[in-house]
Structures are given as C-alpha cells and as structure tokens.
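Asks: sequence and computational prediction follow.
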Amino acid sequence: MKNGRASDYSILNLIAMSCRKIRELLTAYQHRELDAATDALVFSHLGTCAPCREELAAANDLRETLRMAFAPPLELPPAVIAGVREATRRERRAWAADLLRTLLRPVVWAPTAAVVVVAASILTHAHPEQTTAPLTADYFVRQHVVHTMSLQSGDRTWSAYVLTSGGTETADATQP
C-alpha cells in the first residue's frame, strides 16, 4: 500500500491470503492505492473467489451511488434541447394531421352528419313553435294601468275602474 499498509503484508502472506485479508484490502484496491504486487495478488484472488467479487461489486455500487448523489446536475447542451423540442412539435403536428385525415373520411363524417340531421329533425318536431296570443290594445291599456298604479302619482280610482271594468263602464266603478 502507498500509505504504509502494504508493509504489514509480506509477499508470503499475500500469496496465501485469506478472504478476510482480501476484504480488508478491497477499499484500497478499489481506490488504486495498493502497490503493484499486492494489487496483482488481490486481482488474482478476486478471479477465483466469488464472495470477494460480490463484496467488491457491492462496494463499487455504493461508491457509484454516492458519486451520483453528490455530483452536480448535468445540463444538456442547447442543441440537444432544441432537437427534443423540434421532435415533439413534429410528433404533435403529425398527430393532429392524422386526426384531421381520419375525421374527414366519408366513413366517419357521413354517419355523423346523418345523426346530426336526425337529431335536428326530432328536436324541431318535438318542440313546435309556441304561438302567443296577438297583442291587443286592451293588453297595452291594462299593462299601462298596472304600471301607473304602482306609481304614487297615479289616479287610483281610474286604475281600479280600468282593471275591473273589462271594457264596459259601470256606475259603481268610480266609487271607492
């Protein structure tokens, strides 16, 4: 090891290294801090020992997860963003054109037009125009009287006479 840890392991100890000793060296191996001989021995052990390879893979996954968690966010180049936007616009235009083509096909619009015509004819025959009574002079006079009765300045005797007379004059209509 570069930090003096490799001196603890003689070449003879490294040759007969156990998994426990290899696992102690995995972090240094991962960070490339081992001397060449120790690095080669750890490498050859990892080639033959599946549990130690799994331990190294787990340590690499952890290191990569931490690196991604604390890495600054990457920004896309403006050309890539513009390309994505243009592709999205093209897809949207193609979708709208396909929809319009589909709706303008006779197989679609002919039955739709028939349904609209049938619905319009049903609605017109179901609700015939309501006829209103013709407006007469008597109607306008009564409306005028009703309006003037609500005013304080109206002559109440005359208003009562017009409302109750029905167009014929009676002698008691002028009495209060």
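Replies: Okay, I see it. Numbers count the residues shown, from 1 in each chain.
Asks: residue ranges with poor pLDDT in this structure?
Replies: Within the chain, the set of residues satisfying pLDDT under 70 comprises 1-17, 127-134, 148-176.
Asks: domains in it, by residue range?
Replies: Taking automatic domain parsing as the domain assignment, the record places the domains of the chain at 6-70, 137-174.
Asks: which residue packs closest to Arg32, ignoring adjacent ones?
Replies: Spatial nearest neighbour of Arg32, chain neighbours left out: Asp39 (7.6 Å); criterion: CB to CB, 6 or more residues apart in numbering. No exception for glycine: its C-beta is placed from N, CA and C like everyone else's.
Asks: can you tell me which helices and strands the longest helix along the chain packs against?
Replies: Identified as the longest helix of the chain according to DSSP state H is helix 78-103. For helix 78-103, not one helix or strand is in contact under the criterion 3 or more CB pairs under 8 Å, 6 or more residues apart in numbering; DSSP states H and E.
Asks: count of neighbours near Val117?
Replies: 10 (other CB atoms under 10 Å).
Asks: quick revisit: name the helices or strands packed onto the next helix or strand after the longest helix of the chain?
Replies: Following the chain from helix 78-103 toward its C-terminal end, the next helix or strand by DSSP states H and E is helix 106-126. Here helix 106-126 is seen to pack against no other helix or strand when contacts are counted using 3+ CB pairs under 8 Å, 6+ apart.
Asks: hmm, 10 Å instead?
Replies: Counting contacts by 3 or more CB pairs under 10 Å, 6 or more residues apart in numbering; DSSP states H and E, the secondary-structure elements packed against helix 106-126 are helix 78-103.
Asks: what angle do helix 106-126 and the helix it packs on make with each other?
Replies: Counting by axes from the mean of the first three to the mean of the last three CA atoms, to 10 degrees, helix 78-103 points 60 degrees away from the direction of helix 106-126.
Asks: list the buried residues for the helix or strand encompassing the residue nearest to Arg32?
Replies: Secondary structure here is read from DSSP H and E; on that basis Asp39 sits in helix 36-48. Judged by neighbour count using 16 or more other CB atoms under 10 Å, the buried positions of helix 36-48 are Thr38, Asp39, Leu41, Val42, His45, Leu46.
Asks: tell me the helices and strands packed up against the helix or strand just after it.
Replies: On the C-terminal side of helix 36-48, the closest following helix or strand by DSSP H and E is helix 50-70. Packing contacts for helix 50-70, counted by 3+ CB pairs under 10 Å, 6+ apart, involve helix 19-30, helix 36-48.
Asks: one more time with 6 Å
Replies: Counting by 3 or more CB pairs under 6 Å, 6 or more residues apart in numbering; DSSP states H and E, the packing neighbours recorded for helix 50-70 are helix 19-30.
Asks: perfect, that will be all.
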